[in-house]
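Engineer: Just to be clear, the model below is a prediction. Sequence and coordinates:
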Amino acid sequence: MLARWRAGPSLAEALNAEALNVAAVPRFVPQAALPPGEGYEAFIRRSGQVPTRDNLHDFFNGLVWLQRPALKARLNTWHGLEARRGPLRDALTLLDENGALLHGAPPPLVAALVARDWRRLFVELRPLWREQRLELVGHALLEKLVQPRKPICAHVLLAEPLEPLGLATKPFHPLPVLGVPGWWAPNAAPGFYDDAAVFRPRRVLQTG
């Protein structure tokens, strides 16, 4: 895909060529096709076309459309449920730009993630990660990972979003994705997770 884009066509043309083999993917069009004053998501719903610029951000957006067309279409539909920006649209933006899905994680891993117990999550439970599927669906997140840095953090959902009301509550959990075992060679080094600037413990509010 990247080679096809670099070979000459616009990104929209390169994505359309790839989309020929994928069902239910909308057509990609140049950004200039978006009428002045019309919202990006509203235009996609109305026209079945995705405005696309020739840059890495939209490259990764296109790749997610190719890999997860049903999910992207669902998120686009949900954008139309709020007349103006509110909790649902905020959550949709977080997921679309910086989201990840952790599929079928066992209870100990989930508990450590929710508690932000990074040492338990990444060190003590390290063997469990061999069986896990962490799927990155945020295109801005993918773009950031072109230049890997330890602080890059995803907004993780523990299940694929199937209805909008639950998503509007923003049930995300932060995850420093380059701490995931096997995802980045440096995290195998002793002391990698001792960096308190990245792997901060969850603050517990004191009462009384």
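Structural biologist: Cool, got the structure.
Engineer: At the geometric centre of this protein, which residue sits there?
Structural biologist: Note on the chain: the residue nearest the mean C-alpha position is Gly138, at 2.1 Å, using C-alpha atoms, centre = their mean.
Engineer: For stretch 39-50, buried residues please.
Structural biologist: Glu41, Phe43, Ile44, Ser47, Gln49, Val50 (16 or more other C-beta atoms under 10 Å). Every C-beta, even on glycine, is put in place using the N, C-alpha and C of the backbone.
Engineer: hang on, isn't the residue nearest to the centre of the chain packed against Leu101?
Structural biologist: No. Judged on C-beta atoms under 8 Å, Gly138 makes no contact with Leu101 at a distance of 10.0 Å.
Engineer: In CSV, list the C-alpha atoms belonging to stretch 99-110.
Structural biologist: What follows is stretch 99-110 as a C-alpha-only set of coordinates in CSV (Å, rounded to 0.1, in the frame of the first residue of the first chain):
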residue,chain,number,x,y,z
GLY,A,99,-8.1,4.0,20.3
ALA,A,100,-7.2,0.4,20.8
LEU,A,101,-9.2,-2.7,21.5
LEU,A,102,-8.0,-5.4,23.8
HIS,A,103,-9.8,-8.6,22.9
GLY,A,104,-10.6,-11.3,25.4
ALA,A,105,-8.1,-10.4,28.0
PRO,A,106,-8.1,-12.7,31.2
PRO,A,107,-9.3,-11.1,34.5
PRO,A,108,-5.8,-10.7,36.0
LEU,A,109,-4.7,-8.6,33.0
VAL,A,110,-7.9,-6.6,33.0
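Engineer: Name the residues that touch stretch 127-145?
Structural biologist: 56-58, 60-61, 63-64, 68, 71, 94-106, 108-109, 122, 152, 154-156, 175, 177-178, 180-182 (C-beta atoms under 8 Å, 6 or more residues apart in numbering).
Engineer: Filter the residues you listed down to just the ones in helices.
Structural biologist: 56-58, 60-61, 63-64, 71, 94-98, 108-109 (DSSP state H).
Engineer: Report the buried members of the residues you listed.
Structural biologist: Buried among these (16+ other C-beta under 10 Å): Asp58, Phe60, Asn61, Leu63, Val64, Leu71, Leu94, Leu95, Asp96, Glu97, Asn98, Leu109.
Engineer: Quick one: those as a markdown table, columns for pLDDT and distance to Ala197 too.
Structural biologist: What follows is these, written out as a markdown table (pLDDT from 0 to 100; distance: C-beta to C-beta, whole Å):
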| residue | pLDDT | distance to Ala197 |
| --- | --- | --- |
| Asp58 | 98 | 31 |
| Phe60 | 98 | 27 |
| Asn61 | 98 | 30 |
| Leu63 | 98 | 31 |
| Val64 | 98 | 29 |
| Leu71 | 98 | 33 |
| Leu94 | 98 | 22 |
| Leu95 | 98 | 26 |
| Asp96 | 98 | 27 |
| Glu97 | 98 | 23 |
| Asn98 | 98 | 19 |
| Leu109 | 97 | 24 |
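Engineer: can you list those in JSON lines and add distance to Leu20?
Structural biologist: Formatted as JSON lines, those follow (distance: C-beta to C-beta, whole Å):
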{"residue": "Asp58", "distance to Leu20": "19"}
{"residue": "Phe60", "distance to Leu20": "20"}
{"residue": "Asn61", "distance to Leu20": "18"}
{"residue": "Leu63", "distance to Leu20": "15"}
{"residue": "Val64", "distance to Leu20": "18"}
{"residue": "Leu71", "distance to Leu20": "20"}
{"residue": "Leu94", "distance to Leu20": "31"}
{"residue": "Leu95", "distance to Leu20": "27"}
{"residue": "Asp96", "distance to Leu20": "24"}
{"residue": "Glu97", "distance to Leu20": "27"}
{"residue": "Asn98", "distance to Leu20": "29"}
{"residue": "Leu109", "distance to Leu20": "39"}
